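**Q** Here is my input; please provide its structure:
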Amino acid sequence: MGRPLWKGTINFGLVSIAVQLETAVREKQVRFNLLSKDGMCRLRQKLYCPDTGKEFEYGDTARGIEIAPHQYAIIDKAEIAKIKPHRGRAIDIEQFVAIEELDPIYFDAAYYVAPTADSLKPYKLFQAAMLERKKAGLARFVMHDRQHVAALRAADQGLILHTMHYADEVLPIGDSLPTSLATAHATATEAKIARQLIDQMTEPVDLTRFKDDYREQLEALIESKKKGKAIKLVEDDEEEPPATINLMEALKRSLEVTKSREATHPRRKSA
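**A** Below is the predicted model of the structure:
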């Protein structure tokens with residue numbers, strides 16, 4: 001277990017439970033350094049004025065907002081400090097909601113909520129009650145000088161907190177979909193086959209089967225570079241996109257393929 005990211009309490013009603021937030025997700029990415037072409041020098045970026053060429057240190061900079069072309073309003077650090085959220089130590093639950101009411105599009109980062117040594121009993125009581133009622137708590141809290149809205153939910157082994165996007169940050173889906181979508185209608189037979197295809201491909205969740213092939217090949221390439229060996233990478237052939245075929249025909253073919261695979265390699269079905 002690593003160092004806690006945040007320590008405080010969960011508050012709802014008159015109840016207060018001491019907790020701490022732990023990292024739940026650690027993204028795996030390969031990060032490169034920017035080098036000279038001969039690989040002998042690691043390059044650095046510098047701050048400079050494009051008009052005069054004068055270079056500046058980070059400590060000599062200020063924050064500002066462009067209010068007109070090439071005109072900026074400077075926001076002083078002291079002004080920002082006055083309106084920064086107070087460094088609170090509480091996750092204040094404002095309401096409970098049914099978990100299915102929360103659209104995953106609002107979820108951002110995830111954290112494990114761990115109890116402290118003296119809060120095991122209230123933590124367990126709260127977690128069990130949330131799990132039984134299938135509820136999530138919508139809360140506010142401050143971490144790293146930022147005010148968050150969050151969803152607190154119960155899993156079998158403990159509590160998980162999801163920071164969330166604010167409502168005005170999520171774009172309406174209608175802005176991205178064609179207006180003609182409402183006029184597209186499938187026949188009853190097409191709808192039936194589509195449902196059959198979905199049912200045929202339904203099985204218990206197993207996210208371990210999904211791998212980041214690019215990252216794994218990149219890591220293998222880097223490892224081979226360390227050992228001074230060459231490695232053969234699998235190249236993707238660029239192909240022309242397949243021609244659009246009849247919807248009914250596509251559904252029927254897909255269903256036949258999945259049935260054939262099921263007969264050869266039976267899959268576990270969801271409960």
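**Q** What's the separation between residue 191 and residue 185?
**A** 10 Å (CB to CB, to the nearest Å). For glycine as for every other residue, the C-beta is placed from the backbone atoms N, C-alpha and C.
**Q** more crowded one of those two?
**A** residue 191 (12 against 7; other CB atoms under 10 Å).
**Q** Which residue ranges make up each domain of this structure?
**A** 6-26+84-169, 186-236+245-264 (automatic domain parsing).
**Q** any chance of these in CSV, plus distance to residue 175 and mean pLDDT?
**A** Shown next, in CSV, are those (distance: least, CB to CB, whole Å; pLDDT from 0 to 100):
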stretch, distance to residue 175, mean pLDDT
domain 6-26+84-169, 13, 94
domain 186-236+245-264, 24, 80
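**Q** Looking at these, spot the one closest to residue 44.
**A** Comparing the domains of the chain by their distance to residue 44 (CB to CB), the top pick is domain 186-236+245-264, with 22.3 Å.
**Q** So for that closest one, first residue to last residue, what's the gap.
**A** Terminal residues of domain 186-236+245-264 are spaced 31 Å apart (CA to CA, to the nearest Å).
**Q** show me what contacts residue 25?
**A** Shown in contact with residue 25 (CB atoms under 8 Å, 6 or more residues apart in numbering): 109, 110.
**Q** try it again with 6 Å
**A** Contacts for residue 25 (CB atoms under 6 Å, 6 or more residues apart in numbering) come out as residue 110.
**Q** So it versus residue 210, what's the distance?
**A** The gap separating residue 25 from residue 210 is 15 Å, by CB to CB.
**Q** repeat for residue 37
**A** Distance from residue 37 to residue 210, by CB to CB: 36 Å.
**Q** Also residue 150?
**A** Relative to residue 210, residue 150 is positioned 27 Å away (CB to CB).
**Q** So between these two, which is more surrounded?
**A** Taking neighbours as other CB under 10 Å, residue 150 and residue 210 compare with residue 150 leading, 24 against 7.
**Q** Now the helix or strand where that one lies: buried residues?
**A** Element membership for residue 150 (DSSP states H and E) is strand 146-155. Buried residues in strand 146-155, counted by 16 or more other CB atoms under 10 Å: 148, 149, 150, 151, 152, 153, 154.
**Q** Show the contacting residues for the fourth one.
**A** Which is residue 151. 102, 136, 162, 164.
**Q** Kindly recompute the last result at 10 Å.
**A** Residues near residue 151 by CB atoms under 10 Å, 6 or more residues apart in numbering: 97, 99, 102, 106-108, 110, 136-139, 160-164.
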